[in-house]
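Chemist: got a predicted structure here, sequence first:
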Amino acid sequence: MADELELLRRANPVPDDAPHFADGPLDGRAEHRLQRLLNEPRPRRRFRPLPASAGRTGRARLVWGLAATAVVLVIAVNAVLGDPGTSRAVAAPRPLTVHAASAPVPLRDMVALADAAAAAGSPGPRKGTHVQSWSLGMSDGKPPVTLPEERVVRWRADASHTELVVATDPRRPGRPVLTDEGGEPHLVADGHVISRTTYPPMWSDAPPEAPPPHTAARLRVYLTEIARTQADRGTAALSTAELLDAVAELLGHWTLGARESAAVVRLFAGTGGLRPAGEVTDRLGRPGHAYVYDARGVRHMLILEPRTGAVLGMEDTFTEDAPEYGVKAGAVMGYSAWMR
């Protein structure tokens with residue numbers, strides 16, 4: 001295990017001058033190491049990682065329910081990590097901020113850019129995902145646990161797939177992070193392989209397992225099937241909240257191609273709920289255009305790649321104080337940063 005950790009650290013270095021929160025996506029060498037780790041025969045380890053978005057099912061995320069169930073994180077982190085003199089490896093990150101001098105770009109302009117990228121014949125969709133995430137986790141009868149992680153899912157030709165989950169804190173590379181392995185929160189090393197799982201062949205023609213369409217009309221139907229139960233689908237268009245949820249669920253299963261990304265941007269532009277905020281630097285140090293939507297005391301930020309409109313990330317931040325839970329406006333609820 002020590003050798004694996006060292007290989008991962010060397011393969012995914014973070015420059016000394018990297019911006020705050022930056023942690024570069026795995027390069028070619030690191031991808032090679034990941035593939036070796038994914039396919040290497042190993043004994044199964046018993047581990048129950050909390051999901052990247054706690055409380056989330058295949059149909060909805062925690063943030064659209066009762067946000068209060070998650071906001072006790074600050075108390076829990078203090079309880080787990082000890083007194084004020086203890087190094088807090090997993091304190092809640094600060095929210096991403098829009099660059100002050102940047103000009104907001106309307107979504108209709110991003111539609112044109114995404115359509116141009118799709119017409120240029122960029123890479124197609126690939127089943128599987130590579131995502132770095134941080135979120136609040138909840139467990140019945142136990143304090144909430146935070147698990148910053150990087151997850152790589154790769155599908156094989158025989159419809160089997162592998163999943164590798166590595167603990168990571170993009171704000172402090174090489175520092176410990178929290179896990180609840182064994183039923184009690186405790187520290188593990190950054191780069192620690194949390195789980196390595198191989199799944200048998202499986203097939204499904206239902207979203208999000210089925211290939212996503214590349215036209216906006218068909219993709220709307222596809223995402224509606226993700227966001228709503230069959231009894232609730234009806235004819236009403238997806239709300240901004242439902243669309244954000246459904247796209248996040250889709251990106252948990254697929255790495256989209258240019259045509260699919262263009263269709264996603266067209267749907268976002270059609271909701272009318274997202275407003276352009278300006279330029280940001282995302283958690284992986286990448287430039288992006290931010291679009292925000294406020295609902296129920298939470299600001300939801302969508303980050304799009306400036307040239308192609310591909311979704312780089314999503315972030316949820318509290319916009320109101322919740323003193324009864326020890327949380328102030330500006331606290332981050334969770335984020336995801338997707339990589340190709």
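Modeler: That came through fine. Numbers count the residues shown, from 1 in each chain.
Chemist: ok, A322 to R296 distance?
Modeler: Using Cβ to Cβ, to the nearest Å, we find A322 at a distance of 12 Å from R296. C-beta: built from backbone N, CA, C; applies to glycine.
Chemist: neighbour count: those two, which is higher?
Modeler: For A322 versus R296, the count of surrounding residues by other Cβ atoms under 10 Å is larger for A322: 17 against 13.
Chemist: was I right about L274 contacting D294?
Modeler: No: with contact taken as Cβ atoms under 8 Å, L274 and D294 are classed as non-touching, separated by 10.2 Å.
Chemist: this protein: helices as residue ranges?
Modeler: Counting by DSSP state H, the chain forms helices over residues 2-11, 28-39, 73-81, 107-119, 216-227, 240-251, 258-271, given from the N-terminal end onward.
Chemist: for the last one, which outside residues touch it?
Modeler: Residues outside helix 258-271 that contact it (Cβ atoms under 8 Å, 6 or more residues apart in numbering): 107-108, 110-111, 114-115, 117-118, 120-125, 212-216, 219-220, 223, 237-240, 243, 247, 254, 256, 274, 291, 302, 304, 308-311.
Chemist: just the buried ones from those residues, in ChimeraX syntax?
Modeler: For anyone working in ChimeraX, the buried entries among the contacts of helix 258-271, judged by 16 or more other Cβ atoms under 10 Å, can be selected with:
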select :107,110,111,114,115,117,118,125,212,213,214,216,219,220,223,238,240,243,247,254,256,274,291,302,304,308,309,310,311
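Chemist: now do the contacts for E242.
Modeler: Neighbouring residues of E242 by Cβ under 8 Å, 6+ apart: L223, T224, A227, R228.
Chemist: same question, L312
Modeler: D282, L284, R286, G288, I303, L304, E305, A337, W338.
Chemist: from these, which one has the minimum pLDDT?
Modeler: Least confident entry in the contacts of L312, by pLDDT: L284, with 89.
Chemist: correct me if wrong: that residue contacts S336.
Modeler: No: contact between L284 and S336 fails when scored by Cβ under 8 Å: they sit 11.0 Å apart.
Chemist: can you list the low-confidence ranges for the chain?
Modeler: 1-92, 136-147, 173, 180-185, 324-327 (pLDDT under 70).
Chemist: follow-up on the earlier one: would you reformat the contacts of L312 as TSV and include distance to T197?
Modeler: As requested, those are exported to TSV (distance: Cβ to Cβ, whole Å):
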residue	distance to T197
D282	28
L284	24
R286	28
G288	31
I303	29
L304	31
E305	30
A337	22
W338	20
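Chemist: filter the residues you listed down to the ones in strands?
Modeler: When DSSP state E defines the strands, the subset of these inside them is G288, I303, L304, A337, W338.
Chemist: partner residues bridging the last one?
Modeler: W338 forms beta bridges with V131, as assigned by DSSP bridges.
Chemist: residues near it, how many?
Modeler: With neighbours defined by other Cβ under 10 Å, the count for W338 comes to 23.
Chemist: how close does the nearest residue to G272 once chain neighbours are set aside sit to W203?
Modeler: Sequence neighbours aside, T240 is the residue nearest to G272 in space, at 7.7 Å (criterion: Cβ to Cβ, 6 or more residues apart in numbering). With distances taken as Cβ to Cβ, T240 is found 32 Å from W203.
Chemist: neighbours of V105, how many?
Modeler: Here the neighbour count serves as a burial measure; for V105 (other Cβ under 10 Å) it reads 18.
Chemist: in contact with the residue nearest to it when sequence neighbours are not counted, which residues are there?
Modeler: Of all residues not flanking V105 in the chain, H289 sits nearest, at 5.0 Å (Cβ to Cβ, 6+ apart). H289 makes contact with P104, V105, M110, P276, G278, E279, V280, I303, L304, P306, according to Cβ under 8 Å, 6+ apart.
Chemist: how about 10 Å then?
Modeler: If a contact means Cβ atoms under 10 Å, 6 or more residues apart in numbering, then H289 has 98, 102-107, 109-110, 113, 276-280, 302-306, 309, 312 as its contacts.
Chemist: for Y335, same thing?
Modeler: Counting by Cβ under 10 Å, 6+ apart, Y335 has contacts 21, 52, 93, 95-96, 132-135, 148, 170, 282-283, 301, 303, 313-317.
Chemist: tell me how far L178 lies from S135.
Modeler: If you measure L178 against S135 using Cβ to Cβ, the figure is 12 Å.
Chemist: and the contacts of E242 as JSON lines, adding distance to V152?
Modeler: What follows is these, written out as JSON lines (distance: Cβ to Cβ, whole Å):
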{"residue": "L223", "distance to V152": "24"}
{"residue": "T224", "distance to V152": "29"}
{"residue": "A227", "distance to V152": "26"}
{"residue": "R228", "distance to V152": "30"}
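Chemist: ok, back up a step: now that we have the contacts of L312, which one has the most neighbours?
Modeler: If you count neighbours using other Cβ under 10 Å, the busiest of those is I303, which has 28 neighbours.
Chemist: thinking that residue is in contact with L96, fair?
Modeler: Yes: taking contact to mean Cβ atoms under 10 Å, the distance of 7.8 Å between I303 and L96 places them in contact.
Chemist: okay, and the common contacts of these two?
Modeler: Here I303 and L96 have A277, V280, T281, D282, R283, G288, A290, G313, E315, Y335 as joint contacts, going by Cβ under 10 Å, 6+ apart.
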